[in-house]
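**Student:** have a look; sequence and predicted model below, questions after that.
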Amino acid sequence: MASIRLERLLVLGALVGLIVGFYTWTVNTSGSPIVLGQTQGDYYNLLSNAFLHGSLSLLMKPPAALVHLRNPYNPALNGSLAGPFHDLALYHGRFYLAWGPTAALVLFIPWRIFGVGDMSQSMAIVIFSGVGVLFGVLLLCNVVNRYLPRVRLWKLAVATLAIGLSSVLPFLGRRPAQYEVAISSGYCFMWIALYCLVSGTYGERWRTIRVAIGSLAVGLAVLAREDLALLLVVPILLLAREARRTGWRPSGELARRAAPLVVPCALMVVVVLWYNAARFGSPFQFGTKYQLAYVDQSAFNYKLWAIPPGVYYFFVEPVQYSLAFPYAQIGPPPYFPWSVANYAQTEPVGGLLTTTPIVLLLVLAPLLLRKRLQRELRTLVTVSALLGLLIALAIAWGVPGVTMRYEVDFATLLILPALVVWFALTDRETAPWSAARGGRFFSGAVSILSTILVLYGALIGVAVSITGYYDEMRQFDGNAYNRLEAAMSFIPTLITKAMGHPDIAKDVYLCGNGECGTYAAGLSHWSFNNGGTVELDVVSPSGGWNLGLSMFTTTREVPGNKVMIQLDNHVWHTTTTRGKRWVAVPLHSGFNRIIYTVPGKQDVSFYRLTTTRSTRGLLPIR
């Protein structure tokens, strides 16, 4: 048994290390690399400055013109005045952070006290995410060791990939800002709390110190993210479990167990309420009402009508596939099918059922919950899944707008019980078909399907983390992006060979950040009203194909406007004429990036983008 646990420690520890290494690579290729010893001006370092000077508000002062507006929270009134202070909370002439202070208290300020300098947000996200993944894996191993000891190491290794890569954590590092710091800190302490509370109470003996740490971590998670206040139900349920064990009668033993379980958490709740009241005059106001956002937040949050679209985007919004690297992107589009008035914003988001389909195994949980699993394990699976769903609903209710990063708060709470369901369905002691003929076949089929679902989710997690919100890797580390794109280009090339024709995979100009594509070459139209550039990515199965389009002028455009077309090292210069002019660019086998540039303030329109073998209008290769 000791050798088995050592083997698990080495293999799973190495996997967690590789996952943290991937997080580090992600932030370092996002335009905000990890730096040491430099002064940082981000919001969490500003909050740390304020705390070290004994102030709950930031030390910088709001512009007087902003403070004296009739309604400074109305974007129609605050205009450019609020731009430099986006999403800060303005209250009684002072700036506050609406994001929880946990990260500043446990990491940014201690980092300074140790004389290392300012903590970069990128490093904070990597540390919080890595620690959270570690404790999530530890919790899974603890549950497996106690209730499902026959689970093979390879299954735990696959499960570790699910926790580290399918949990939306890689996506956080692609845009390492204050939003991601707050979310990653909440994630970190949520899983520290759950591991310590479960391993400290569900075992052969009660571990007082571990339980106290878990209780404190619950409070720190709530201080980081208000929606994680639902975690308070965990120590309450554990206290009820102990009370039931003693017959609901007060006793010295119950008091000794209740103290570490409840007191640290209760003290942190008091801190949260005091922190809110000291800043905004109400213990239940976290500051979102006073944020300087793109919409007036003062009368915007906590709407029941926001729940249906929120649930759709968090769970159903499909992944979009194309032959444009990294081949999978999150939406929208498509959008929520019914119109919802006053729905604030829809940033890039993917539904958890489509990005992380291993959670679909939760629908099979009823096969196990009645008799197959031990009562304690049934409780853990049920509570974790319900917590995940309730937190998702709370976010959808509290914020009438969605974004991918919010899913970090609840994704792993659904992933982990789904993994336990997988393990139980393939265990000879707990599988509902274990005694039936063909039971081994069913168990093997479930293992194969579950492994495919996990690996698919991990690949999607990596793919969407490369693009992030705004294609940051391509913007800030184009060389690394181009190397990856070139290394993987054989995949779309093989697909186009099977299709038998080229694919226009991506149109950067039309799509803003180049995150859409199609498996079929179709029609497209765009106009340059004041010069500009459009980039087309085309994958061709072989040479002999051309990319054709028609350039034309309108009544207000002047014939003779210049257009520069570039493919690899080839550059062509052409001009528009009165009427339509067909231009075809020769394609080579594999990946082709074609750039059309209209210089200066010229006006040019393009339409009917297609691939063809016709040589009409073919540009010569010199």
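**Tutor:** Structure's in. What do you need? Predicted, not measured: the structure shown is a model, and the values here were computed from it.

**Student:** what stretches of the stretch 201-350 of the chain score poorly on pLDDT?
**Tutor:** For the stretch 201-350 of the chain, applying pLDDT under 70 flags the ranges 298-301, 345.

**Student:** can you give me the strands for it?
**Tutor:** 320-321, 328-329, 345-346 (DSSP state E, counting those that start in this stretch).

**Student:** which residues sit in contact with the closest residue to Ile330 other than its chain neighbours?
**Tutor:** Closest residue to Ile330 apart from its sequence neighbours, by C-beta to C-beta, 6 or more residues apart in numbering: Gly350 at 3.6 Å. Any C-beta I mention is one placed from the backbone N, CA and C, and that applies to glycine too. By C-beta atoms under 8 Å, 6 or more residues apart in numbering, the contact set of Gly350 is Glu317, Pro318, Val319, Ile330, Gly331, Met404, Ile460, Val464.

**Student:** same list, those, but as CSV with neighbour count please.
**Tutor:** Converted to CSV, the contacts of Gly350 look like this (neighbours: other C-beta atoms under 10 Å):
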residue, neighbour count
Glu317, 27
Pro318, 15
Val319, 17
Ile330, 25
Gly331, 19
Met404, 24
Ile460, 24
Val464, 25
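
**Student:** just the ones in helices from those, please.
**Tutor:** Ile460, Val464 (DSSP state H).

**Student:** which pair of the contacts of Gly350 spans the longest distance?
**Tutor:** Farthest pair in the contacts of Gly350 (C-beta to C-beta) is Pro318 and Met404. Separation: 13.7 Å.

**Student:** which regions of this structure sit below the pLDDT cut-off?
**Tutor:** 1-4, 298-301, 345, 369-372, 435, 508-526, 528-529, 553-560, 578-579, 621-622.

**Student:** which residues touch Leu361?
**Tutor:** Ala418, Val421, Trp422, Leu425, Ser450, Leu453.

**Student:** go again with 10 Å.
**Tutor:** By C-beta atoms under 10 Å, 6 or more residues apart in numbering, the contact list for Leu361 reads 414-415, 417-422, 424-425, 446, 449-450, 453-454.

**Student:** and for Asp477?
**Tutor:** Asn28, Thr29, Ser30, Gly31, Pro33, Arg483, Leu484.

**Student:** list the buried residues in stretch 203-220.
**Tutor:** 206-207, 210-220 (16 or more other C-beta atoms under 10 Å).

**Student:** return that stretch as PDB; C-alpha atoms alone will do.
**Tutor:** What follows is stretch 203-220 as a C-alpha-only set of coordinates in PDB (Å, rounded to 0.1, in the frame of the first residue of the first chain):
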ATOM      1  CA  GLY A 203     -11.600   9.500   8.300                       C
ATOM      2  CA  GLU A 204     -10.600   7.200  11.100                       C
ATOM      3  CA  ARG A 205     -10.000  10.100  13.400                       C
ATOM      4  CA  TRP A 206     -10.900  13.700  13.700                       C
ATOM      5  CA  ARG A 207      -8.100  16.100  12.700                       C
ATOM      6  CA  THR A 208      -8.700  19.300  14.600                       C
ATOM      7  CA  ILE A 209      -6.000  21.500  13.100                       C
ATOM      8  CA  ARG A 210      -6.900  20.400   9.500                       C
ATOM      9  CA  VAL A 211     -10.500  21.200  10.200                       C
ATOM     10  CA  ALA A 212      -9.700  24.600  11.500                       C
ATOM     11  CA  ILE A 213      -7.600  25.400   8.400                       C
ATOM     12  CA  GLY A 214     -10.500  24.200   6.200                       C
ATOM     13  CA  SER A 215     -12.900  26.400   8.100                       C
ATOM     14  CA  LEU A 216     -10.600  29.400   7.800                       C
ATOM     15  CA  ALA A 217     -10.200  28.700   4.100                       C
ATOM     16  CA  VAL A 218     -13.900  28.800   3.600                       C
ATOM     17  CA  GLY A 219     -14.000  32.300   5.000                       C
ATOM     18  CA  LEU A 220     -11.000  33.400   2.800                       C
END
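
**Student:** how far does it sit from its chain's centre?
**Tutor:** 29 Å (C-alpha atoms, centre = their mean, to the nearest Å).

**Student:** okay, stretch 54-71 in CSV with CA atoms only?
**Tutor:** Output of stretch 54-71 as CSV, limited to C-alpha atoms (Å, rounded to 0.1, in the frame of the first residue of the first chain):
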residue,chain,number,x,y,z
GLY,A,54,-4.1,51.8,7.0
SER,A,55,-6.7,52.7,4.3
LEU,A,56,-9.5,50.6,2.9
SER,A,57,-9.9,52.9,-0.1
LEU,A,58,-7.2,53.3,-2.8
LEU,A,59,-4.8,56.1,-2.2
MET,A,60,-5.4,57.7,-5.6
LYS,A,61,-8.1,60.3,-5.7
PRO,A,62,-11.0,60.4,-8.3
PRO,A,63,-11.2,63.4,-10.6
ALA,A,64,-13.4,66.1,-9.1
ALA,A,65,-15.4,66.3,-12.4
LEU,A,66,-16.3,62.6,-12.1
VAL,A,67,-17.3,62.9,-8.4
HIS,A,68,-19.6,65.9,-9.0
LEU,A,69,-21.6,64.3,-11.9
ARG,A,70,-25.3,64.0,-11.3
ASN,A,71,-24.9,60.2,-11.7
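
**Student:** thinking again about what came up before, could you export the contacts of Gly350 to a markdown table, including columns for distance to Gly173?
**Tutor:** Listed next are the contacts of Gly350 as a markdown table, based on distance: C-beta to C-beta, whole Å:
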| residue | distance to Gly173 |
| --- | --- |
| Glu317 | 21 |
| Pro318 | 24 |
| Val319 | 20 |
| Ile330 | 16 |
| Gly331 | 21 |
| Met404 | 12 |
| Ile460 | 16 |
| Val464 | 12 |
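
**Student:** among the contacts of Gly350, which one sits closest to Tyr294?
**Tutor:** Of the contacts of Gly350, the one sitting nearest to Tyr294 (C-beta to C-beta) turns out to be Met404, at 17.5 Å.

**Student:** not counting its neighbours along the chain, what's nearest the closest one?
**Tutor:** Val349 (4.7 Å).

**Student:** mind listing what that neighbour touches?
**Tutor:** Taking C-beta under 10 Å, 6+ apart, one finds 168, 310, 312-314, 317, 330-332, 355, 401-407, 464 in contact with Val349.

**Student:** again, but for Leu360
**Tutor:** Leu360 neighbours (C-beta under 10 Å, 6+ apart): Leu352, Leu353, Thr354, Leu414, Ala418, Val421, Leu449, Ser450, Leu453.

**Student:** among the residues you listed, which ones are in helices?
**Tutor:** Going by DSSP H, the helices hold Leu352, Leu353, Thr354, Leu414, Ala418, Val421, Leu449, Ser450, Leu453 from those.
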